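J.: Please work out how this folds:
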Amino acid sequence: MATRSRRRFDDDDYTEVESHPPIPQLDTALLDDDIAEPNWSSYTGSAHGPSPVPSWVITSPSAIDTDLGVMKSGKEADVSLLRREHDGQMSLLALKQYRSTQHRMFHRDAGYLEGRQVRRSREGRAMATRTNFGRELIAGQWASAEFAVLSTLWSVGAAVPYPVQLSGTELVMEFIGDDGGEGNGVAAPRLAQLRPDFREGTALFRQLRVALSALADAGYAHGDLSAYNILVHHGRLVLIDLPQAVDLVANPQGFEFLRRDCENICTWFQVHGVPADASELQRDLLRGIT
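T.: Purely as a prediction, here's the structure:
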C-alpha cells in the first residue's frame, strides 16, 4: 500500500518526510495458544495400582493425556475416556470423576458406609450430617474405596479392571473395550445389552460364579450387582462399578447385600433362559467364608 507523505515546516521551506505504516500488534491470544502447556500425565503425582504393573500402563511423567469426552454420566460420578501417549505408545483409560459438593449420594448409602473406618470424629460428624465438607469426604471415600477394592481383587486374579491410579476424587482404571482403530475407543457392551443364547448365557453365568467367588473369598459382596454393572468383552465377563463393595464381616448388612446381589443377577439370567438359582449361588459363595 502506498504511503502518504506529510509536510514538515522549517522556516518558509518544507521537505517531504515518509510516514511509515503502523507496526502491527501481536495477537496475544494466538501467542498463548502456541505456547500452551501440554496436558501432562498425572500418573507421577498419584497413588498407583498394585504390582506387577501391566506392560500397557504408561508411567512416564512426559506422557500426554487427552480427554476424549464423557462415556457415562451417573448420579455419583462421570466416566470419561482418556488417551495417554508417550514415545509411540498409546493406551486408553477410563477416568472416573466422583462428584463432591453436588454429590447426590448412593441410594441407601448409609448402609454401604457401615463398617468403614473414619480417622477423626469431626470427619465422621460431617459425613453423617452431609455438610459440604462431609460430602467432599464421602466422594473421596467412594473413590478410595473403589481403588482399594479393585487393587485387592485384581491382585487375586478377579475379573475386574486394573486400577491405574488414584488422585483425590479421580480414579483412573483400565478401559474395557477396543481402540476403534484410531485410538478413539469403543467400550465393551454391558451384559444388559446382550441377548445371549442358551450356550452363551450358560458360559457367562459360569464366569460370573467364578468372579463372585473371588469377591467373596476376598471378603466382599459387590453391593449393587446387576446386568448393568457387568461388561462382556469378546466373551470375557468383567465386573465394574465397585465403590459400594461391602465388607461381608465388618458391615452388619454384609450378608444381606450378598443375598440381594445373587437374587438380582440370577433373575436376569433366568429371564434369558439360563438356570440360575439365587439361594444355591449364595450358599456356594458363603461356603468358603463361613
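J.: what's the spacing between stretch 275-290 and its chain's center?
T.: Its chain's C-alpha centre and that of stretch 275-290 lie 30 Å apart, by C-alpha atoms, centre = their mean, to the nearest Å.
J.: Revised request: answer the last question for stretch 181-196.
T.: 16 Å.
J.: just stretch 141-149 next, same as before
T.: That offset, for stretch 141-149, works out to 11 Å (C-alpha atoms, centre = their mean).
J.: Kindly report the same for stretch 273-283.
T.: 30 Å.
J.: ok, now stretch 51-59?
T.: Stretch 51-59 sits 17 Å away from the centroid of its parent chain (C-alpha atoms, centre = their mean).
J.: What are the buried residues along that stretch?
T.: Within stretch 51-59, the residues scored as buried using 16 or more other C-beta atoms under 10 Å are Val57, Ile58. Where C-beta positions appear, they are placed from N, C-alpha and C, glycine not excepted.
J.: can you give me the mean pLDDT across it?
T.: For stretch 51-59, the mean pLDDT works out to 97.
J.: Tell me the span between the first and last residue of that stretch.
T.: 13 Å (C-alpha to C-alpha, to the nearest Å).
J.: Tell me where the stretch 51-200 of the chain has helices.
T.: Along the stretch 51-200 of the chain, counting by DSSP state H, counting those that start in this stretch, helices occupy 109-113, 121-129, 132-155, 198-217.
J.: can you list contacts of the last one?
T.: Helix 198-217 is contacted from outside by 153, 156-159, 191, 194, 196, 221-222, 225, 230, 232, 235-237, 239, 245, 248, 258, 261-262, 265, 269, 272-274, 276, 281, 284-286, 288-289, using C-beta atoms under 8 Å, 6 or more residues apart in numbering.
J.: filter these to the buried ones?
T.: Here, 16+ other C-beta under 10 Å leaves 153, 158-159, 191, 196, 221-222, 225, 230, 232, 237, 239, 245, 248, 258, 261-262, 265, 269, 272, 274, 276, 281, 285 buried among the contacts of helix 198-217.
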